[in-house]
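Engineer: Let's see this in three dimensions:
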Amino acid sequence: FPKQSTYQPSQSREEQSTHGRPSSQTPAILQPIDIHTSQPPLAATMKLAVEVADAAELSAKDGSSSCNAFVEVEFDGQRQRTATRPGDLSPQWNETLVFDVRDPARLSALTVDVSVQHDRSLNDHNALRPHVFLGRVRVSGESVARSPDEAFLQRFPLDKRGLFSRVSGDIALRLYLVPDARDGDRVEQDHAAAAPAMDTGGGQQQNQQQPSQPVAGNLDPERMVRNVFSGEGPAGAAAASASGGPAAETKGKSGHDTREFRSIPASSGGGGNEPRRHTLHAMAAPPPPAGQTVVVPKPAGPAQAPPPGSQYGLTETKPPLPAKMGPRSGTAKIASTYDMVEPMSYLYVTVVKARDLPSMDLTGALDPYVEVKLGNFKGVTRHLEKNQNPVWRQTFAFSGAHLQASQLEVIVMDKDTLRDDFVGRVVFDMSDIPSRLPPDSPLAPQWYSLADAHGERFRHGHPLGEIMLAVWIGTQADEAFPEAWHSDAHSLSREGLTNTRSKVYYSPKLIYLKVSVIAAQDLIAADKGRPLAPTIAKIQMGSQIRRTRPGQPQGSANQSWNEEFMFVASEPFEDPLVVTVEEKVAAGRDEPIGRIIIPVASPYVPRNDLAKSIPSKWFNLSRGMTVDEAAAEATTGTKHREHSKTFASKIHLRMSLETAYHVLDESTHYSSDLQPAAKKLRKSAIGVLEVGILSARGLGGNKSPYCVAKYGSKWVRTRTLLGTAAPAWNEQYTWEVFDLSTVITVAVFDNNHLHHSDGKDQRIGKVRVRLATLESDRVYTHYYPLMALTPGGLKKTGELHLAVRFTCTAWANMLAQYGRPLLPKMHYSNPISVLQLDYLRFQAMQMVATRLGRSEPPLHREVVEYMLDVDSHMFSLRRSKANFYRITSLFSGVVAVGKWFDGICKWKNPLTTILVHVLFLILVCYPELILPTVFLYLFMIGVWNYRRRPRKPPHMDTVLSHAEQAHPDELDEEFDTFPTSKPSDVVRMRYDRLRSVAGRVQTVVGDLAMQGERAQSLLSWRDPRATAIFITMSLIVAVVLYITPFQVVAVVFGLFMLRHPRFRSKQPSVPFNFYKRLPAKGDMLL
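Structural biologist: Residues are numbered from 1 along each chain as shown. You can find the predicted model right below:
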C-alpha cells in the first residue's frame, strides 16, 4: 500500500475476538473514511426476526369445533401479524416477522409479546369484537439468540390473559437477531461511488472505471434475504462484480469471504501536503426486510455427535385424521367409530356363486374357477371339480393405488390339464361402480349374465350361465375388509394368504386352581412283604407337576402332608387333575401305589368366588391303572368303575377354583388387565381406548411387516403388507377400559410364514403406552421409535405411527379407582408368595401361547412370548445398573435438600438464611401453621409444574435403560440361554465379575447393618461406659425438656443449627463422635 494512506479497520465485538478477521457468515465491505472530516463510523444496528411456525391444540371458539387463528407480535412499540388460517385448531404459518432494535443495549430489558387471536370477522362481519383471545407468550429479550445459527425452534405453552380465560395449546417460535440492512446499503453505495478513484494495489489507477450503481435499490428483497444467510450478501456481490471477473471467480470457488483493500491517493486541494488517513469499516450484509418470510438454511459445519437418546425420541405428527379435523367434511366422511385412521379407498368384489354354467369338455364335466382382473392385478378363486352350479363366497379387495384401469373383468374359467378354457365374463365400467360407506348395510349381490369375448350371451344357442356378484368401492372400515383377499397378496398360496389377514383374538380365561393335600389312609407298599418306604403325593395337571415333601410319620400307612399348591387352569378345562401317591423306593425310582383322576369342572371342583371356606373330601385311590386309562375313565364318567380296580386306600384333598384372583400373565409393572376371573366381581368399564395403527417407516430392507396389539384379554393383528419398508395399515381397534393403571402394548413383526411354515417371525420393535398418562378425549399422534436390543448393541429398526385416544365414560368411577387397591381383594387377604407367583405367571404365559397358537391364522409362540416379556425375570447386568441409578435418582432430591440446608447453615446466601430464620421463628411461635404451610407449598409446586407437564406420552427411554452405553459382553450375557451355552472360560469371567459386583453390594449392606447395630447398642450395655453416658444424658434431657417450654427448646435448637460459620468448628460434633464409637457386630463375623 502507499505510505501516505493508513488503513485501520474498525472491529465489531465479534471481530475483536477473531483478531480483526471477518465472520464466515457475512461478507464484509471496507469503506475508507477521512479522519480529518470528523465523520463518525456507522453504528451497527440490529433487527429482531420472529419466526412463527405453527400452533397445536388451540381452543375452539364461537360454538364450533375450529377457529380462525392468526398471530400478532409486539416488540418495542412495533406490531405485526401473520396471515389468518381459517378453520384449523392446529394451524401452520411458517412466516417470519422482522422488527427494528432501536437500542441493542436495552434488548435484555424488553419483552416480545406474542398473542394468538381468533378472527371472528371471517364468519360474522357484524361482530362487535372482531378478534377473540386464544393465548399469549411473553419472551424476554435475554432469551433471544444473537445469530440465526444459535436459534432453535421451541414450543411455548400458551398462557392465560386473566383468571377466567379459557386457553389451551402451544405455539412454535424461533427468535434471533440479524444485522440491519440499511447500514450495508449505505456503505455499499459509498463504496461504489469511490470505486473509480481506487488504486488496485500498485499505485496505478484502473483504465476502465465502472459507474456507480445503487446496489440496494436494484436487488430483489427476497434475494437479499436469501443471500444474507447463504454467505453472499448483495453488497459483496456488487463489489465482486465491480472489481472485475477474477475476484468474483475467487469468491465463487472458495467458500470464504474476501476483504478488499484499495488505496485512495491524496487530494490536491485544501489540505496541504499532509497525507490523509482513511479507516476501513467492516460492514455485514443486510438482514431480511421487515415482514419478509424467509427460510434459513443450516450452516455447513462439522457434524456433532447427538446426545444420548436423541434419536430415540417421539415425533409428533399431524395426519389428516377425521378425529382431528373437526366436523366431518366430504373427504373425511367415514364411520364415527373409525375416525382415528386415514380413509383408504378399496374396490371390493365378492364372488358368491354361479349357476347353469355350460360344459366345456367332451365328457360334459366342468371344473370352474373365477378370475377377477383389474389392470395388471388378478385374483383367483379356488376351482371346484365337476360342478356347474359352484359356490365360492370369496371377496377380493383392490387398493385405491391400484385403481388405474378403466374396466373390471370377472372371468369364469374351466380348469383343464393342458390349457384352461374360457367360459364367460362380466365387464364393469369403473365409473359405474357404486360407493358404500358404513354404517350402510352390506351391498346385496346380483345375478349377472356371462358373455363371451364379443359380448354374445349365447353359444350354439345355449346360454353361458349366470354369476352372482357384489361390486362396490369402500374403505377399510368395511366389514368385508378383514376377510378379503388383498391385491398385493394374490400371488401367495392359500395357506400363506391366510397368514396375512387381520384378526382379533382373545386370551383363554385363566383361573387359579388351589389343591390342598392333607393326608392319606391305609397305604400299602407296591411290593407285598416290604415295609412302606417314604411316600410323596404328586399332583399333575397337563404340563404342571408339583410334589409334596415325604409324609409324616415315615413308614406308617397313614401319612400326613398338609401342603397347598396352586395351578393355572384355562376354560374349557381339557386337562384333568391327576393325584398320585408314590413310594420313594430308591434314588430316582418312585413306585406309584395309588392314583385318582379328577376332572377340573363343576361339580367335581367347586368355584370359590367369595373367598369362603371350601370343605375337604376323601377320595379313593385306584391301583393298577395308568394315567391314560384313568384319564379315559375320567372323560367317560366315574359311575362304571370296575370293582377290581378300586382299592381301599384313601387320600384327603381340598380343591377349589379361586376365581376371586386375577391370573397374572404379564409383568405387574406394565400389566394390561387387573380384573378378577369371576364376572360378578368385575367392575364396570370407565372408558374406551381407541388405537389407530397408521403406518411405519424406516423398517429397512424388503420386509412383510404386521402389527400385534394387546390390551386386556383382547389381541389384535393387522394385515401383513408384502415387500415394503414403509407400510400403511390404517386400521383402528377399540378396547373397553376398566382401570387406568394399565398399559397397552403394540409390537411390529416381520412375517416369515408366508412361504414356509418352519420359520419364526422376526421381531422389529415394541411400544408401550400407559393409559394413566393420557388426557381424556385428546388424540395423540406420534411416531414411536422401534428398537431392538441385540448382543451387538441397541439398534433403531424403524418408527411406528400410532393414533391413541382415551375417552372417559364414567368420571366418578375413574376418580374413585385411585383409592382402591390395584389387584382384587383376594390378593391382599390371602396373598400368594412371590416365588409361587412367578411360577404361576410363567405357566399362564405358556397356556396363552399354546391356545393362541391353535387359532387360524395362528399367533405364533415367539410373538406371544415377546408381547408378554417371558424373559423379563432373567438376570441382566444392564438392568441392574439401570435400577441402581433409578434408586440413586430418587435420593437425589433428598441430597439436594441436604445441600440446600447445609448452605443455609453456612450462610452462603445471608439473605436466604435470614428469611429461613424468620420463617422458623414464625412456625415455632405458631405451630398450627406448620402442616398448612407444608401442604400449601406442595400445592404451589404442583401448580407451578403444571406449565411444564409432559405433552407427549412416555415411551421406552434408552438412557434410563442404559441400552446405548451397555458393554457388548453384558448384552451377550443378557441374551445367553438358561442354562448357559457359553464356554467355561467365559462363564468363569462372568462369574468373577458378578462376585465383584456382589462384593460391593455386600459392603454397602454391611455398612447399613453396622449403623443399625450401633443404634441398638445404645441400650444393650455392650459398651457399659457408652450406655451409662447415654442413659445419664437421657435423664438430664428429660428433666430439661420437662422444665423448659417446648417452644424455647425448639428456638434454641434451631438457632444452634443455623448458627453462623464463625461459631462453627471444622471438627465433627460430639454426638457424631459418640455414635461412631459405639460397638457393632462387624468384629464378630468370621
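Engineer: List the residues that contact D777.
Structural biologist: Contact analysis of D777 by Cβ atoms under 8 Å, 6 or more residues apart in numbering lists 805-808. Placement of C-beta: from N, CA and C, glycine included.
Engineer: Of the residues you listed, which belong to strands?
Structural biologist: 805-808 (DSSP state E).
Engineer: Among these, name the buried ones.
Structural biologist: Buried residues within the ones in strands among the contacts of D777, counting neighbours by 16 or more other Cβ atoms under 10 Å: 805-806, 808.
Engineer: picking up where we left off before, tell me the one of the contacts of D777 nearest G588?
Structural biologist: Nearest to G588 among those: F806, at 56.7 Å, using Cβ to Cβ.
Engineer: right, and the closest one touches V779 too?
Structural biologist: No: with contact defined as Cβ atoms under 8 Å, F806 does not count as touching V779 (9.8 Å).
Engineer: With adjacent residues omitted, what lies nearest to S140?
Structural biologist: Residue nearest to S140 in three dimensions, not counting chain neighbours: T111, with 5.7 Å by Cβ to Cβ, 6 or more residues apart in numbering.
Engineer: Which helix runs longest in the protein?
Structural biologist: Ranked by residue count and defined by DSSP state H, the top helix of the chain is helix 984-1016.
Engineer: in it, what's buried?
Structural biologist: For helix 984-1016, by 16+ other Cβ under 10 Å, it's 990, 1013-1014.
Engineer: Could you export the helix or strand just after it as PDB, CA atoms only?
Structural biologist: Where DSSP states H and E defines the elements, the next helix or strand beyond helix 984-1016 is helix 1024-1043. These are the backbone C-alpha positions of helix 1024-1043, laid out as PDB (Å, rounded to 0.1, in the frame of the first residue of the first chain):
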ATOM      1  CA  PRO A1024     -21.100 -50.200  79.600                       C
ATOM      2  CA  ARG A1025     -19.500 -46.800  79.700                       C
ATOM      3  CA  ALA A1026     -21.200 -45.600  76.500                       C
ATOM      4  CA  THR A1027     -24.600 -46.900  77.700                       C
ATOM      5  CA  ALA A1028     -24.100 -45.200  81.100                       C
ATOM      6  CA  ILE A1029     -23.300 -41.900  79.500                       C
ATOM      7  CA  PHE A1030     -26.300 -42.200  77.100                       C
ATOM      8  CA  ILE A1031     -28.900 -43.000  79.900                       C
ATOM      9  CA  THR A1032     -27.400 -40.200  82.100                       C
ATOM     10  CA  MET A1033     -27.800 -37.700  79.300                       C
ATOM     11  CA  SER A1034     -31.300 -39.000  78.500                       C
ATOM     12  CA  LEU A1035     -32.300 -38.300  82.200                       C
ATOM     13  CA  ILE A1036     -30.800 -34.800  82.000                       C
ATOM     14  CA  VAL A1037     -32.500 -34.100  78.700                       C
ATOM     15  CA  ALA A1038     -35.800 -35.400  80.100                       C
ATOM     16  CA  VAL A1039     -35.700 -33.100  83.100                       C
ATOM     17  CA  VAL A1040     -34.700 -30.100  80.900                       C
ATOM     18  CA  LEU A1041     -37.500 -30.700  78.400                       C
ATOM     19  CA  TYR A1042     -40.000 -31.100  81.300                       C
ATOM     20  CA  ILE A1043     -39.000 -27.800  82.800                       C
END
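Engineer: Run the chain-centre distance for helix 1024-1043.
Structural biologist: 59 Å (Cα atoms, centre = their mean, to the nearest Å).
Engineer: Next: stretch 929-947.
Structural biologist: 31 Å.
Engineer: mean confidence score for it?
Structural biologist: The average pLDDT within stretch 929-947 is 90.
Engineer: Now T718, what are its backbone angles?
Structural biologist: Main-chain dihedrals, T718, degrees, to the nearest 10: phi -80, psi 170.
Engineer: thought it was touching G692?
Structural biologist: No: assessed by Cβ under 8 Å, T718 is found out of contact with G692, at 10.9 Å.
Engineer: if I look at the closest residue to H462 other than its chain neighbours, how far off is G461?
Structural biologist: In this structure, H462 finds its nearest non-sequential neighbour in P358, 6.0 Å apart by Cβ to Cβ, 6+ apart. Distance of P358 to G461, given as Cβ to Cβ, to the nearest Å: 11 Å.
Engineer: more crowded one of these two?
Structural biologist: P358 (19 against 5; other Cβ atoms under 10 Å).
Engineer: Show the contacting residues for the residue nearest in space to the middle of the chain.
Structural biologist: Taking Cα atoms, centre = their mean as the criterion, H955 is the residue nearest the geometric centre of the chain, at 3.2 Å. Neighbouring residues of H955 by Cβ under 8 Å, 6+ apart: 314, 767-769, 784-785.
Engineer: same question, G853
Structural biologist: G853 touches 859-861, 864, counting by Cβ under 8 Å, 6+ apart.
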